[in-house]
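K.L.:
sequence plus predicted model, see below.
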Amino acid sequence: MKGFVYQVVKEASRLLIKNFGRYKEKRGLAKEVVTKIDKAINELLVEKLKNKYPFNFLSEELGFINNKSEFTWVIDPLDGTANFAVGNPFFSISIALLHEQKPIFGLIYAPILKELYLAEEGKGSYLNGRPIEVSKISSLRKSYILYCEGGSKTNARIAKINFLVHPKVKDIRKLGSAALECAWVASGRAEGYYTLKISPWDVAAGVLLVEEAGGKVTDFKGKTWKPKKCNFIATNERIHKRLLSLINKNTT
């Protein structure tokens, strides 16, 4: 199955590569154009997977398709749409397979960066075939932290959180792709990532990547991640409690 999913994603990525950078000088039209690409890739992925593994589907473009299975494909055909539209290579295709509500397989592919992240339950996380693990840094002041607004309708709360977090850490950064931000935590490129009201298709594969790489994922209350829209934090585990406390301090 792993090889099949990868081949399907590679096929879909060719459409992204073909259209990458074509619309960066037409920003007024970029959203409309990219939306068409989103839908085309989503349809391709669903059709290919449905023919061989007809589980349930949950995706940004089609919502939930109930095929009465205990397994569910969770798909984001283009995570980092705004980046893609302006010629920024930080975008990806993200696919996870859930058993009930728990991720058991995750794949994130960044076609321009040529980075393939894979995770399987109990078998670890990998980048281009090599094992990866979260960083061993335990000091907040030495930590790089990633963030994004997620599904929040305004920047007000994320700005308030960043105001509290930034002075306490080495730096905060934004990639613009939730899937890749999770992948960077899993691969030790950052110690933590937080976001607001994130949809499950954005992070489902990333959840497994982080956990299989030795990290920790919860909501802002410290509860186990579930495939629903929620406030979200992923870390190398060593800084989890302190970063979570900092995020929640005076920001409710």
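P.N.:
Thanks, I have it.
K.L.:
show the contacting residues for the spatially most central residue of the chain.
P.N.:
Centroid check for the chain by C-alpha atoms, centre = their mean gives residue 179 as the closest residue, at 1.8 Å. Applying C-beta atoms under 8 Å, 6 or more residues apart in numbering to residue 179 gives the contacts 76, 79, 80, 92, 94, 108, 202, 203, 205, 206. Yep, even glycine has a C-beta here, placed from its N, CA and C like the rest.
K.L.:
now, the residues you listed that are in helices?
P.N.:
Mapping these onto helices (DSSP state H) picks out 202, 203, 205, 206.
K.L.:
ok, residue 171 - contacts?
P.N.:
Going by C-beta under 8 Å, 6+ apart, residue 171 touches 144, 145.
K.L.:
which residues does it form beta bridges with?
P.N.:
For residue 171, the beta-bridge partners are residue 144 (DSSP bridges).
K.L.:
confidence score at it?
P.N.:
Listed pLDDT for residue 171 reads 98.
K.L.:
residue 142 versus that one, what's the distance?
P.N.:
10 Å (C-beta to C-beta, to the nearest Å).
K.L.:
tell me where the stretch 1-150 of the chain has strands.
P.N.:
Counting by DSSP state E, counting those that start in this stretch, the segments of the stretch 1-150 of the chain that form strands are 56-59, 63-65, 71-79, 92-99, 102-110, 115-120, 124-127, 130-132, 144-148.
K.L.:
tell me the buried residues in stretch 79-91?
P.N.:
By neighbour count with 16 or more other C-beta atoms under 10 Å, stretch 79-91 contains the buried residues 79, 80, 81, 83, 84, 85, 88, 89, 90, 91.
K.L.:
turn those residues into JSON lines, including pLDDT.
P.N.:
Converted to JSON lines, the buried residues of stretch 79-91 look like this (pLDDT from 0 to 100):
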{"residue": "79", "pLDDT": "94"}
{"residue": "80", "pLDDT": "92"}
{"residue": "81", "pLDDT": "88"}
{"residue": "83", "pLDDT": "90"}
{"residue": "84", "pLDDT": "90"}
{"residue": "85", "pLDDT": "86"}
{"residue": "88", "pLDDT": "93"}
{"residue": "89", "pLDDT": "96"}
{"residue": "90", "pLDDT": "97"}
{"residue": "91", "pLDDT": "96"}
